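K.L.:
predicted model and sequence follow; I will ask about them next.
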Amino acid sequence: MRLAVNGIRINIRERGKGTPSIVFLHYWGGSSRTWDGVIAELSEHHRCIATDHRGWGESDAPETGYRLADLADDAQGVIEALKLDHYVVVGHSMGGKTAQLLAARRPVGLRGLALIAPSLPSPTALTPDQREALLHAYDSRESIAYVIDHVLTALPLPKAQREQVIADSLRGAPQAKHAWPTSMMLEDIRSEVARINVPTLVLAGERDQVDTTMVLREELLPYIIGARLQVMSGAGHLSMLENPQRVAQAIEDFIAEL
C-alpha cells in the first residue's frame, strides 16, 4: 500500500494487529522486506508497519529531499496518516539514525525506541577511499555480494534472503544511493538526540563491522538517557536477516518492559 506523504508516495507493508503498533525503518540498501522475518514473529500480537524510505523499494524517488529530516518527516507522515497513537519505532542502521531524529521530536504516541545496529548521531568519519568504495558498493550483483560477505554479515544468509538483499540494493534510486555516504552520514544530530525521552533499546551484533559495540557505547549511549545496550552473540550488521527470531524476541522483551 502506498500513502501520500509529504508530496510523494511512501510504500508500506502492514501485517498483524495489537498494541503497541511497531513501525520499522530499514537500512541503506534495504527495503520494507528487510523486516519480513522479524514481523512474522511479532505480528500475532502487534500491528507491524514497515516502510520503504524514499528512493528505495516501491516508494517514490524524488530528485531531491534526501536529508535525515526528510526521511524522518516521511516516517512521521506515515504514522500520522495511519493515526497511530500507541507505537514503538524500530530502526536499523540508516533507519536507526532516522529513528533517533524522529524520536527526538517527541511525537505524540511514541512509547519506545529500538535501535538495531544504528548509525551514530555524530558524523561518520571516512577516508576518501572508504567513501568512494561506499559510493560503488551497490553498483552490481558482484559488488553487493562482496559487501554482504565481507562487511554486512557474520552468519551466512539463506539463498532467498541473499537474493532479496541483492535485488533491494540494485533497485535503489541513484540519488538515494548517493545521499547516504555523501551527506546523511555526515549529519550531526547529537544535540537533537539528547532530547529523546522514551525507553530505548540498542541491539548490537557482536561481530558487526559497521557499527561496532565499542563505538556504540562511546558515541551513542551517552546521548540517550537510560538507553540500554544488548549484544547479540555471533551476529553481524544484518542481524534481522541473520537471526530474525532473536531480534524479534529482543523487541518483544523490550516492549513487555514498557
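P.N.:
Great, that's in hand.
K.L.:
where do the helices sit along the protein?
P.N.:
For the chain, applying DSSP state H gives helices covering 36-42, 68-81, 94-104, 128-135, 141-147, 159-171, 174-182, 190-193, 213-219, 239-242, 244-257.
K.L.:
can you add mean pLDDT, distance to Thr19 and mean neighbour count and give those back as CSV?
P.N.:
Quick note: C-beta positions are derived from backbone N, CA and C, even for glycine. Formatted as CSV, the entries for these read as follows, by pLDDT from 0 to 100; distance: least, C-beta to C-beta, whole Å; neighbours: other C-beta atoms under 10 Å:
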stretch, mean pLDDT, distance to Thr19, mean neighbour count
helix 36-42, 98, 12, 21
helix 68-81, 98, 14, 21
helix 94-104, 98, 18, 27
helix 128-135, 94, 38, 13
helix 141-147, 97, 37, 15
helix 159-171, 97, 29, 17
helix 174-182, 97, 32, 19
helix 190-193, 98, 26, 17
helix 213-219, 97, 29, 15
helix 239-242, 98, 22, 27
helix 244-257, 98, 10, 17
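K.L.:
what's the closest of those to Pro20?
P.N.:
helix 244-257 (6.4 Å; C-beta to C-beta).
K.L.:
which outside residues touch the closest one?
P.N.:
Residues from elsewhere that reach helix 244-257 (C-beta atoms under 8 Å, 6 or more residues apart in numbering): 20, 22, 36-38, 40-42, 45-46, 88, 90, 112, 114, 116, 199, 201, 203, 230, 232, 235, 239-240.
K.L.:
for it, C-alpha coordinates in CSV please.
P.N.:
Output of helix 244-257 as CSV, limited to C-alpha atoms (Å, rounded to 0.1, in the frame of the first residue of the first chain):
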residue,chain,number,x,y,z
PRO,A,244,15.2,-12.7,12.9
GLN,A,245,13.8,-14.8,15.7
ARG,A,246,16.4,-13.5,18.2
VAL,A,247,15.8,-9.9,17.0
ALA,A,248,12.1,-10.3,17.3
GLN,A,249,12.4,-11.8,20.8
ALA,A,250,14.6,-8.8,21.9
ILE,A,251,12.0,-6.4,20.6
GLU,A,252,9.2,-8.3,22.3
ASP,A,253,11.0,-8.4,25.6
PHE,A,254,11.7,-4.7,25.4
ILE,A,255,8.0,-3.9,24.6
ALA,A,256,7.0,-6.1,27.6
GLU,A,257,9.0,-3.9,29.9
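K.L.:
straight-line length of stretch 202-220, end to end?
P.N.:
Taking C-alpha to C-alpha, to the nearest Å, the first and last residues of stretch 202-220 lie 9 Å apart.
K.L.:
relative to the whole chain's centre, how far out is it?
P.N.:
When C-alpha coordinates are averaged (C-alpha atoms, centre = their mean, to the nearest Å), stretch 202-220 and its chain have centres 14 Å apart.
K.L.:
try stretch 198-205
P.N.:
A distance of 12 Å separates the centroid of the chain from that of stretch 198-205, by C-alpha atoms, centre = their mean.
K.L.:
what number of residues lie near Asp149?
P.N.:
Counted by other C-beta atoms under 10 Å, the residues lying close to Asp149 total 12.
K.L.:
which pLDDT value goes with it?
P.N.:
Looking at Asp149, its pLDDT is 96.
K.L.:
now the one 5 residues further on
P.N.:
Here the pLDDT value assigned to Ala154 is 97.
K.L.:
what of Leu126?
P.N.:
Looking at Leu126, the pLDDT reads 89.
K.L.:
unless I'm mixing things up, it is touching Thr182, no?
P.N.:
No: using C-beta atoms under 8 Å, Leu126 makes no contact with Thr182, being 10.1 Å away.
K.L.:
contact partners for Glu14?
P.N.:
Under the criterion of C-beta under 8 Å, 6+ apart, the contact list for Glu14 reads 1, 47-50.
K.L.:
that concludes my questions; thank you for your assistance.
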